[in-house]
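Undergrad: just coords:
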DNA sequence: ACCTGAACACCGTTCAAGT
DNA sequence: ACCTGAACACCGTTCAAGT
């Protein structure tokens, strides 16, 4: 995309290049257990170069997770169809969510694993909370329209939705959603069960 | 517990001793990213000794996951109170489930992470399915008693329950259930929302 | 200002020996 | 039959130099 793309870095933006390579490795190896040395190798720099841009392997992983949350946010935005009834909107958002996780399993896992090196990174848990916000908005709309009930606190219902979707995403990623056992569209079926509980 | 517990292994059952040490490290470090060498060290054997009992670090991890599933099964059994109405039983089982995950975060994560080295270990996914079975039984009972509806296929409802509980467990583990935002008992509140969807 | 090469400590794994 | 010690390849990280 830039003027001379034969040797894009070495004095271009190695920062981005490293992130891209790392995303590739994440996808290929199915986990964040790749080595920094190979990231460097694949990017065409010495194994010490990344340390000029990331203090740590953990720092790289954190950056990847942030990219992931942005991408998830974009996917959810893209799936929005405000002209539909709220139930359908909620379903559609949930399907888009699970589809994202299914398409980027290692990235999705990384986003949520305090396991990695993610510790209590404020940025991360805040972005995770943003996902939560999307659900909240739809639930509020549903209540205003009288489609959803107010039996439970709004926050509880939102949490129920998020947990459901998060759980389905992870079960899907880990190959625990066997279609023979659970029907050909387990996700929408399971979600419908939940949405019924929200009905007025 | 055996006759001479001063030096329990060296010629006792090193197999079990290694597993126990590994479980400790798992709990302490909060992830399966400990090293085999330290497991050996803490167990009082050379770093090569474990390879006499486990072909691999992955093999050890798989064993830990199996232990975990057994423990989870025990926890669920212990929480059974057949005299209560089904909704309460379902709630109680779910609470026990989340409590287990909360008490053994790293172990619970390991149990479900294809991430580790768990690959498609048949034993594991089968034990995971067993958890699923418990839910199925309760749902069936609920239907027989006319307390739960049959709007959706049984399998879908069971999946919805499992995903909900799995999702809550992981959100709890990863510290995303902030009590200020979500009430003092987010889990039971979220679950109630789901159970309402099952009502006849 | 950014990158390289050598170096350090450490880990997973193997294997020839030891008891 | 089970364990040890040395050894190998490899990784994360650092740092003195290079441009």
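TA: All right, it came through fine. Keep in mind the model is a prediction, meaning the values are calculated, not measured.
Undergrad: so where does residue A:136 fall, helix or strand?
TA: helix A:122-144 (DSSP states H and E).
Undergrad: repeat for residue A:196
TA: helix A:186-198.
Undergrad: what's residue A:157 sitting at in phi/psi?
TA: phi -60, psi -40 (degrees, to the nearest 10).
Undergrad: without its sequence neighbours, what residue ends up closest to it?
TA: residue B:193 (5.1 Å; CB to CB, 6 or more residues apart in numbering or on different chains). Just so you know, the C-beta spots here come from the backbone N, C-alpha and C atoms, and that holds for glycine as well.
Undergrad: now do the contacts for that neighbour.
TA: A:151-152, A:156-157, A:160, A:194, A:197-198 (CB atoms under 8 Å, 6 or more residues apart in numbering or on different chains).
Undergrad: for stretch A:68-88, give the mean pLDDT please.
TA: Mean pLDDT, computed over stretch A:68-88, is 94.
Undergrad: and if you look at stretch A:110-118?
TA: 74.
Undergrad: tell me how many other residues crowd the nearest residue to residue A:48 once chain neighbours are set aside.
TA: Excluding the flanking residues, the one nearest residue A:48 by CB to CB, 6+ apart is residue A:40, at 7.7 Å. Neighbourhood size, residue A:40 [other CB atoms under 10 Å in any protein chain shown]: 19.
Undergrad: quick check, residue A:102 in contact with residue A:171.
TA: No - applying CB atoms under 8 Å as the test, residue A:102 and residue A:171 come out as separate, 10.6 Å apart.
Undergrad: got the residues of chain A near DNA strand D?
TA: A:34-38, A:47-48, A:51, A:55-58 (CB under 7 Å from any atom of the strand).
Undergrad: in the helix holding residue A:136, which residues are buried?
TA: A:124-125, A:127-128, A:131-132, A:134-136, A:138-139, A:141-143 (16 or more other CB atoms under 10 Å in any protein chain shown).
Undergrad: low-confidence stretches in chain A?
TA: Applying pLDDT under 70 to chain A flags the ranges A:1-11, A:114-123, A:179-184.
Undergrad: same thing but at 50, please
TA: Residues of chain A meeting the criterion pLDDT under 50: A:1-7.
Undergrad: rewinding a little: who's more crowded, residue A:102 and residue A:171?
TA: residue A:171 (25 against 15).
Undergrad: phi, psi for that one please.
TA: Taking degrees, to the nearest 10 as the convention, residue A:171 sits at phi -60, psi -40.
Undergrad: let me see the ranges of the helices in chain A.
TA: Here chain A has its helices, by DSSP state H, at A:14-29, A:36-43, A:57-78, A:86-103, A:105-112, A:122-144, A:154-173, A:179-182, A:186-198.
Undergrad: what's the separation between the residue nearest to residue A:48 and chain B?
TA: 21 Å (CB to the nearest CB, to the nearest Å).
Undergrad: residue contacts, that residue?
TA: A:18, A:46-50.
Undergrad: dump the residues you listed into a markdown table; add neighbour count as well.
TA: Converted to a markdown table, the contacts of residue A:40 look like this (neighbours: other CB atoms under 10 Å in any protein chain shown):
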| residue | neighbour count |
| --- | --- |
| A:18 | 24 |
| A:46 | 11 |
| A:47 | 13 |
| A:48 | 10 |
| A:49 | 17 |
| A:50 | 24 |
